[in-house]
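Coordinates for the following, if possible.
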Amino acid sequence: MSRKNLIHLVLGIVLLLILAGLVIGYLATRQDSGDPDAPQGGVSQGLPSTTELPTGLAKADPITTLPSQAAEPSSTAPFQAKTGYCSGSGVRVRKAGSTSAAILGTLSRGQSFTVTGSEQSGWYPVQLSDGTKGFVSAQYVSFTKPSDQESTETSWIDPVTVTIDEDKWYLTLVSIKYRLPENYKPELSYPVKGIDRPLDARVTPHYVAMYNAAKEDGCTLTPYSGWRSISRQKANYENKVAVYQRQGNSRTKAEQLAAQWILPPGASEHNMGLAMDIVNTKESFENTKEFAWLQEHAADYGFILRYPKDKVSITKVAYEPWHWRYVGVEDAKKIKASGQCLEEYLGLYND
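Below is the predicted model:
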């Protein structure tokens, strides 16, 4: 080989070595830089990352050096248990958030308990002082303790317990002011077979006679609501009071508003078994043939429209065309002829 060719060969080998060194150095630099585009051991090249980097972060910066990448707390803070109070009376604590769930206990108005979780479909999970865990309807849960001056009885009127005259029991005034004894319960019977709507057994024969007479004239006086226990009356009344309290009314104002529709326990003629709600409890009942028949003939069987439209200021009860009260035939005819309500006829008022 000539000297010239030998020199060319050596120069070629040197150049190759230089190029190889440059390539190796370049690759080493890329590996050290953490370039995410470079293949990493154990991770398939080309797979997208499941971790998004914060906006403005250089892709080459190691994620582990960023405090902002630490696990963030949930956007919803965990519920902090707090004290709740029962805003009703005789409120049931249930095993689950449903009125069909088993009853675990009963709460009195103002009784405290621990609310252990957020409201769920209208119910709060609670724990009682004795450790019982259950659910209470959200409508009876207040986070403000009721005033000690407020009571489950109406504080805007002083009720009087009535004494029933056994000779004129049918003229007993039962109203917002004149209340039945707490333990009062009449002997009951059912005026219409197959319909579970009882009346005082002394009133039943009169309703039966009226029902049959109306039937002959093409009217059906279906019993809708008759005797009602005082305990049930109390529950119904407290439910209505709670509705008005949730609207922002004070306890006293809520009692006044509720009493226009559902009387307090012992203040309803249903508790005495002397009255029947007939067909339904809608004001549109006044447009039916049954109502027209009652207006014409009810007094002949001893019944009166107890809460007339033009006597609300006296009875303190909203107009109820469906509510008919037994007062005896003689007195019913006199009341009808006079145009008076029962309070006016007896000279007893709810003031």
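
Name the helix or strand for Met276, please.
strand 275-278 (DSSP states H and E).

And for Ser118, the neighbour number?
Counted with other Cβ atoms under 10 Å, the neighbours of Ser118 add up to 10. C-betas here are computed from N, CA, C, even on glycine.

residues contacting the closest residue to it other than its chain neighbours?
Of all residues not flanking Ser118 in the chain, Phe79 sits nearest, at 5.2 Å (Cβ to Cβ, 6 or more residues apart in numbering). By Cβ atoms under 8 Å, 6 or more residues apart in numbering, the contact list for Phe79 reads Thr116, Gly117, Ser118.

Now the residue nearest to the spatial centre of the chain. Nearest residue, chain neighbours left out?
Closest to where the C-alpha atoms of the chain average out (Cα atoms, centre = their mean) is Gln139, at 4.5 Å. Leaving aside its sequence neighbours, Gln139 sits nearest to Ala242 (Cβ to Cβ, 6+ apart; 5.5 Å).

Does that neighbour touch Tyr140 like I think?
Yes. Proximity of Ala242 to Tyr140 meets the contact threshold set by Cβ atoms under 8 Å, at 6.3 Å.

residue ranges with poor pLDDT in the protein?
Filtered on pLDDT under 70, the chain yields the residue ranges 1-6, 10, 23-77, 89-90, 146-156.

let's see 80
1-77, 87-91, 99-100, 108-109, 122, 139-140, 144-157, 351 (pLDDT under 80).

Verify the contact between Leu221 and Glu290 for me.
Yes. Shown here, Leu221 and Glu290 form a contact pair, counting by Cβ under 8 Å, at 6.0 Å.

Next, show the common contact partners of these two.
Ala214, Ile278, Val279.

could I get those residues as CSV with distance to Tyr170 and neighbour count?
CSV is the format used below for those (distance: Cβ to Cβ, whole Å; neighbours: other Cβ atoms under 10 Å):
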residue, distance to Tyr170, neighbour count
Ala214, 21, 20
Ile278, 18, 29
Val279, 23, 19
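
Closest to Ser100 out of the residues you listed?
Relative to Ser100, the closest of these is Val279; by Cβ to Cβ it sits at 28.5 Å.

In the chain, what residue spans correspond to helices?
3-32, 204-216, 230-246, 251-259, 269-272, 289-297, 312-315, 329-338, 342-346 (DSSP state H).

Can you say which of the ones you listed is packed in most?
Of all the helices of the chain, helix 269-272 has the most neighbours on average by mean count of other Cβ atoms under 10 Å, namely a mean of 25.

you'd agree Tyr345 is up against Glu330?
No. Applying Cβ under 8 Å, one finds Tyr345 not in contact with Glu330, separated by 11.9 Å.

got a list of contacts for stretch 158-175?
153, 176-181, 202-203, 263-264, 266-269, 271-272, 274, 302, 315-317, 326-328, 331, 342-343, 346, 348, 350.

sorry, back to before: pull up the overlap in contacts between Ala242 and Tyr140.
With Cβ under 8 Å, 6+ apart as the test, Ala242 and Tyr140 both reach Ser87, Gly88.

From one end of stretch 280-293 to the other, what's the distance?
15 Å (Cα to Cα, to the nearest Å).

Might you calculate how far that stretch sits from the centre of the chain?
30 Å (Cα atoms, centre = their mean, to the nearest Å).

quick one: the residue nearest to Ser118 and Gly134, what's the gap?
Per Cβ to Cβ, to the nearest Å, Phe79 is found 17 Å from Gly134.
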